[in-house]
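Peer 1: Quick one, fold the following:
(one chain, ligands or ions: 1)
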Amino acid sequence: MAPTSSDKTAPTGRLAGRTALVTGGGKGMGAATVRLLAAEGAHVVALDIDGAAARSVAHDLGPGVLAREIDVTNQARWAEVAHEAEQRFGGIDVLVNNAGIADPALLENLDGTRLQRTVDINLVGVFNGIQAVVPAMKKNAAGGSIVNIGSVGAFQGVPRMSGYVAAKWGVRGLTKAAALELGAHHIRVNAVHPGQTRTPMTHGVVFDTSAVALGRVGEPEDIAQAVLFFASDQSRFITGSDLVVDGGQLAGQADYSGLPD
Ligand SMILES: NC(=O)c1ccc[n+]([C@@H]2O[C@H](COP(=O)([O-])OP(=O)(O)OC[C@H]3O[C@@H](n4cnc5c(N)ncnc54)[C@H](O)[C@@H]3O)[C@@H](O)[C@H]2O)c1
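Peer 2: I've put the predicted structure just below:
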């Protein structure tokens, strides 16, 4: 049967009609996630401290994708962007807490300011995002889905990454506590844990794939696919869960000796 004019405009895809907020949406796996969720029919707000990067991702994706600047540590700004997304698109269904920084250093060289910044962005920023969207998600009969990006460093220790690892283990715990509190509102909270992935964050890192079962580094799109799974109804009975997306890295023994002191 030939498509009608309404068929042409009807949203299609696994996230048709949904609205998603993606932090760190300007680069790396956040940018890949913005593109994939938009391709699956979602309205997306790409949030990034680097507003120009977010705008350049949104630019090619049409009016259903907005770019907004935010530092995820700023609760007042979170309230503004959540309010705007709700007004503009009629609700919030998905939050992807992806923004993060890596600041490698030996434990004794990591001063308090650097440690605090890592914890504030990588852990408190996730908390801020959840707090900001839950009131909107509670209004949805179908609830919502929150996807937190952790790391394989949330399952092990990594030398020269003590602040980062502490924050990422925190993200795992926060994911489970939030899942328990929010389940009654049909809001699911899960974590995706990437292994070594080729993004601006790892630019210049000499990857060791000898301990990766699949024998390669991850690409941002590999991570985005796992995020889509949690964002969509395909994972409708999964909450408080961890999904490791690392090509089998955690199954073996990685060598981190190449990190700077
Ligand atoms: N790349 C990897 O190998 C790897 C491995 C495990 C986990 N991760 C995690 O995946 C997530 C994405 O990493 P990536 O590799 O795509 O990083 P990236 O550096 O390429 O991109 C991160 C994005 O977050 C933004 N950002 C940084 N601080 C912010 C803040 N305060 N507020 C808002 N936005 C901010 C940056 O501007 C950037 O656009 C991070 O949480 C990271 O810890 C990455």
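Peer 1: Most proximal residue of the stretch 51-200 of the chain with respect to the ligand?
Peer 2: Closest to the ligand within the stretch 51-200 of the chain is Gly100: 2.4 Å, counting by Cβ to the nearest ligand atom. The way it works is simple: take the backbone N, C-alpha and C, and place the C-beta from them, glycine included.
Peer 1: which residues touch the nearest residue to that residue once chain neighbours are set aside?
Peer 2: Once flanking residues are discounted, Gly100 sits nearest to Asn122: 4.8 Å by Cβ to Cβ, 6 or more residues apart in numbering. Taking Cβ atoms under 8 Å, 6 or more residues apart in numbering, we find Asn122 in contact with 100-101, 164, 167-168, 170-171.
Peer 1: Let me know the secondary structure of Asn122.
Peer 2: helix (DSSP: H, G, I helix; E, B strand; the rest coil).
Peer 1: quick one: pLDDT of it?
Peer 2: pLDDT, Asn122: 98.
Peer 1: how about the residues of this structure near the ligand?
Peer 2: By the rule Cβ under 6 Å from any ligand atom, the part of the chain lying against the ligand is 23-24, 26-30, 48-50, 53, 70-73, 98-101, 121, 149, 151, 194, 196-197, 199-202.
Peer 1: Which ones among these map onto helices?
Peer 2: Mapping those onto helices (DSSP state H) picks out 28-30, 53.
Peer 1: which one of these sits closest to the ligand?
Peer 2: Of these, the one sitting nearest to the ligand (Cβ to the nearest ligand atom) turns out to be Gly28, at 2.2 Å.
Peer 1: For the closest one, which non-adjacent residue is spatially closest?
Peer 2: Thr199 (3.1 Å).
Peer 1: re earlier: surely the residue of the stretch 51-200 of the chain closest to the ligand meets Gly150?
Peer 2: No - using Cβ atoms under 8 Å, Gly100 is not in contact with Gly150, being 9.2 Å away.
Peer 1: okay, and the common contacts of these two?
Peer 2: With Cβ under 8 Å, 6+ apart, Gly100 and Gly150 have no common neighbours.
Peer 1: so how far is Thr175 from the residue nearest to Gly100?
Peer 2: Asn122 sits 13 Å away from Thr175, going by Cβ to Cβ, to the nearest Å.
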